[in-house]
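J.: Sequence first, predicted model second:
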Amino acid sequence: KAQAGPLPPGPTPVPILGNVRDLTAKELWLVATKWAKEFGDVVHVHIVGQGLIFLSSPEATSDLLDKRGAIYGDKPGLVMAGELCGCENMVAFTRYGDVSKRQRRLLTQAFGVQVIPSYHPLIESQTHSFIRALVTDPSNYMEHTRRYAGGMTLSTVYGYEATSNNDKFLSLGEECVDILSNKIASGGGIWPVDIFPVLKHLPTWAPGSSFKTKAAAWKARMDEFVDQPYNFAKAALKSGNYKPSFCSTLLEDEKKSTPQFEFDLKYTANSMYSASMDTTITVFCHFLLAMLLHPEVLAKAQKEIDSVVGTDRLPMFSDRASLPYVDALLNEVYRWGVPVPLSLPHRLMEDDVYRGMFLPKGSLIFGNVWAITRDETLFPNASAFLPERYLEKVEPALAKKRDPRSYVFGFGRRRCPGVNLVESSVWILMTTVLATLDISKAKDEFGNPIEPKVDFNNAVFRLPDRFECDLRPRSEHILKVLRQAEASRS
Ligand code: HEM
């Protein structure tokens, strides 16, 4: 079939293998941004014929992923991740069609903007427990953050209360999310079997079939991860001793409980867990990092909170409108940190033409959020952490273009369905930490500040490895206020 125009430009591929050697598992977004500078905001590479297209400007992501969403809403039908590793029915992997539409309907039911206030008491109580854990045992802040992120989803989705940082479901979830992002999806997530599906029929003793053994082991864990928390929620509901949750609410309506409905529910519930863990942890780590590197921003935000909230109570959702600097700080955390720098790939469902370039059906499309949030014309001094940039009044069209929410939650018909929940949970988390804790660089044995060593080794999320950080309560008085808030709930 004749191509309607040239492919978008990109680095020169080698015969047959294409650009395999140009792709890296570590911080692929930096490589993609280098290509954008060299070749423009639409770049094409291929791995043994599988096209990957990187969109690196607000115009390109909006024109294609948003405005032409009807043909850019699919997800890659990856044989390795989907069929062999058991992820094909998880929301972030489902092909665009009936299943994905049914799953997204359930998600909207659970996390639509009007439903979120009903989660506020739970979010507040989880946040206060998290602050308590940070105050009691600050050096293990990463483990507490993991427990907070996972615990919040386990309770809202399954009605399950995680009792320790080593909780069985938290550990299983952590293992599976790690398998997903660092093993299955590493380096763009394309395996030879995705290019040559016939390889899936290789017997396990054949040379080159070790991927099948790996996939079988990973699938076994994934299946447990999907089934076990769901079975807990079902059994609890049956016993009558359960906490209301997304699963219990939907399962209570027995008329709906067809096998198809339960299947959708089970996978949708699991998807919320997988999708919320590393994203939430990543955003919180970016916040901590920004605060310890920029004490002047921390002081300014704390001053605003003290003047609006005072020091005799903890922040509440109703304070938000009176805390513009804290909102600007949150925007800058999203923009500066970039939790999912290449978003998650979409699959192009039909041949397309854009600015005279031919975009072939089946290409995987990456929104390069890293490049957009580092664009100096949109964000002067883009690598600096400057919440003030969001206090400046600008035209609504420019404000939308500069709003990190236009990018960091993904695009078009696959945009993150957890965004409304995150808007509340991350805001109260950050504001309560600012109100209660001082954050600074840890000190060595001689009292000298230790510069945080920041390294990113996760292939999908820009999750920093654990860095040194000093967290301590702002005062004895604020600890009393925290105790009072906890006591008033019990
Ligand atoms: C700060 C936290 C979060 C960030 C930065 C984030 C970001 C993202 C991004 C970039 C995507 C890919 C969108 C695309 O393919 O275009 C995504 C998908 C998704 N997110 Fe989130 N997310 C966060 C939290 C959550 C939470 C709390 C939930 C659920 C409770 C959630 C549920 C999902 C689901 C189910 C998908 C797959 C959607 C689909 O493919 O149709 N996320 N998220």
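T.: Received the coordinates, thanks.

J.: what about residue 345, neighbour count?
T.: 23 (other CB atoms under 10 Å). Backbone N, C-alpha and C define where each C-beta goes, glycine included.

J.: On the pLDDT front, check it for me.
T.: pLDDT for residue 345: 92.

J.: And for it, nearest residue in space, chain neighbours not counted?
T.: Spatial nearest neighbour of residue 345, excluding adjacent residues (CB to CB, 6 or more residues apart in numbering): residue 364 at 4.2 Å.

J.: how far away is the one you found from the ligand?
T.: Taking CB to the nearest ligand atom, to the nearest Å as the measure, residue 364 falls 11 Å from the ligand.

J.: what's the answer for residue 24, then?
T.: In terms of CB to the nearest ligand atom, residue 24 sits 20 Å off from the ligand.

J.: Now do the same contact list for the closest residue in space to that residue that isn't next to it in sequence.
T.: Nearest non-adjacent residue to residue 24, counting by CB to CB, 6+ apart: residue 31, 5.7 Å away. Neighbouring residues of residue 31 by CB atoms under 8 Å, 6 or more residues apart in numbering: 22-24.

J.: Mind checking what secondary structure residue 31 has?
T.: helix (DSSP: H, G, I helix; E, B strand; the rest coil).

J.: Flag every residue of the protein that's near the ligand.
T.: 91-92, 104, 107, 111, 153, 271-272, 275-276, 279-280, 283, 339-340, 343-344, 408-411, 414-418, 421-422, 426 (CB under 6 Å from any ligand atom).

J.: What segments of the stretch 101-250 of the chain are helices?
T.: For the stretch 101-250 of the chain, applying DSSP state H, counting those that start in this stretch gives helices covering 120-136, 141-153, 168-178, 192-195, 210-239, 246-252.

J.: right, so of those, which gets closest to residue 292?
T.: Residue 292 lies closest, by CB to CB, to one member of these: helix 141-153, at 11.3 Å.

J.: Next, name the residue at the spatial heart of the chain.
T.: residue 279 (3.0 Å; CA atoms, centre = their mean).

J.: where's that one, which helix or strand?
T.: Applying DSSP states H and E as the criterion places residue 279 in helix 259-293.

J.: how about the least confident helix or strand in the chain by mean pLDDT: buried residues?
T.: Every helix and strand of the chain was ranked by mean pLDDT, DSSP states H and E. The lowest is helix 192-195, at a mean of 82. By neighbour count with 16 or more other CB atoms under 10 Å, helix 192-195 contains the buried residues 193-194.

J.: before we move on, what about stretch 131-140?
T.: So for stretch 131-140, counting by 16+ other CB under 10 Å, buried means 131-135, 138.

J.: and the helix or strand harbouring residue 487 with helix 120-136, angle?
T.: Assigned by DSSP H and E, residue 487 belongs to helix 476-489. Between helix 476-489 and helix 120-136, the angle comes out at 140 degrees (axes from the mean of the first three to the mean of the last three CA atoms, to 10 degrees).

J.: Now for the residue lying closest to residue 48 once chain neighbours are set aside: which residues touch it?
T.: Closest residue in space to residue 48, ignoring its immediate chain neighbours: residue 195 at 4.5 Å, by CB to CB, 6+ apart. Applying CB under 8 Å, 6+ apart, we find residue 195 in contact with 47-50.

J.: picking up where we left off before, residue 444: which of the helices of the stretch 101-250 of the chain is closest?
T.: helix 141-153 (18.3 Å).

J.: pLDDT on that closest one, on average?
T.: 91.

J.: do the same with stretch 49-59
T.: Rounded mean pLDDT across stretch 49-59 is 95.

J.: which other residues reach stretch 119-128?
T.: Contacts for stretch 119-128 (CB under 8 Å, 6+ apart): 148, 151-152, 155-156, 314, 316-317, 421, 424-425, 428-429, 432, 482, 485-486, 489.

J.: again, only using 10 Å
T.: 110-111, 116-117, 147-149, 151-153, 155-156, 243-245, 314-318, 420-421, 424-433, 436, 482-483, 485-486, 489-490 (CB atoms under 10 Å, 6 or more residues apart in numbering).

J.: can you give me the helices in the stretch 251-400 of the chain?
T.: Counting by DSSP H, counting those that start in this stretch, the helices of the stretch 251-400 of the chain are 259-293, 295-309, 324-337, 369-373, 396-402.

J.: Buried deepest among those helices, which one?
T.: Of all the helices of the stretch 251-400 of the chain, helix 369-373 has the most neighbours on average by mean count of other CB atoms under 10 Å, namely a mean of 26.

J.: now that one: how far from the chain's centre is it?
T.: A distance of 15 Å separates the centroid of the chain from that of helix 369-373, by CA atoms, centre = their mean, to the nearest Å.

J.: Ok, stretch 380-390 next?
T.: 22 Å.

J.: buried ones in it?
T.: In stretch 380-390, counting by 16+ other CB under 10 Å, buried: 382, 385-387, 389-390.

J.: Reformat the contacts of residue 31 as CSV; add distance to residue 260, secondary structure and neighbour count.
T.: What follows is those, written out as CSV (distance: CB to CB, whole Å; DSSP: H, G, I helix; E, B strand; the rest coil; neighbours: other CB atoms under 10 Å):
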residue, distance to residue 260, secondary structure, neighbour count
22, 43, helix, 18
23, 38, coil, 16
24, 41, coil, 15
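
J.: What is the nearest of these to residue 358?
T.: Closest to residue 358, out of all of the contacts of residue 31 and judged by CB to CB, is residue 22, at 20.7 Å.

J.: Please tell me I have it right and the closest one contacts residue 11.
T.: Yes - in this structure residue 22 lies within contact range of residue 11 using CB atoms under 10 Å: 5.2 Å.

J.: Now list whatever residues contact both of those two.
T.: Counting by CB under 10 Å, 6+ apart, the residues touching both residue 22 and residue 11 are 31, 34-35, 45.

J.: got any ranges where this protein has weak pLDDT?
T.: Low-confidence segments of the chain (pLDDT under 70): 1-2, 186-189, 254-256.

J.: re the thing from before, for the residue nearest to residue 345, grab the count of nearby residues.
T.: Neighbours of residue 364 using other CB under 10 Å come to 23.

J.: Can you tell me what sits against stretch 476-487?
T.: Looking at what lies outside stretch 476-487 - CB under 10 Å, 6+ apart - the contacts are 124-125, 127-129, 131-132, 135, 310-314, 432, 435-437, 473, 475.

J.: List only those of those flagged as buried.
T.: For the contacts of stretch 476-487, buried by 16+ other CB under 10 Å: 124-125, 127-129, 131-132, 135, 314, 432, 435-437, 473.

J.: If we only consider those residues, which is nearest to the ligand?
T.: Nearest to the ligand among the buried ones among the contacts of stretch 476-487: residue 127, at 14.0 Å, using CB to the nearest ligand atom.

J.: Distance check, the closest one against residue 436.
T.: Going from residue 127 to residue 436 by CB to CB, to the nearest Å gives 10 Å.

J.: any shared contact partners between those two?
T.: With CB under 10 Å, 6+ apart as the test, residue 127 and residue 436 both reach 314-315.

J.: Isn't residue 51 up against residue 352?
T.: No - Residue 51 lies out of contact with residue 352 (CB under 10 Å); the separation is 11.8 Å.
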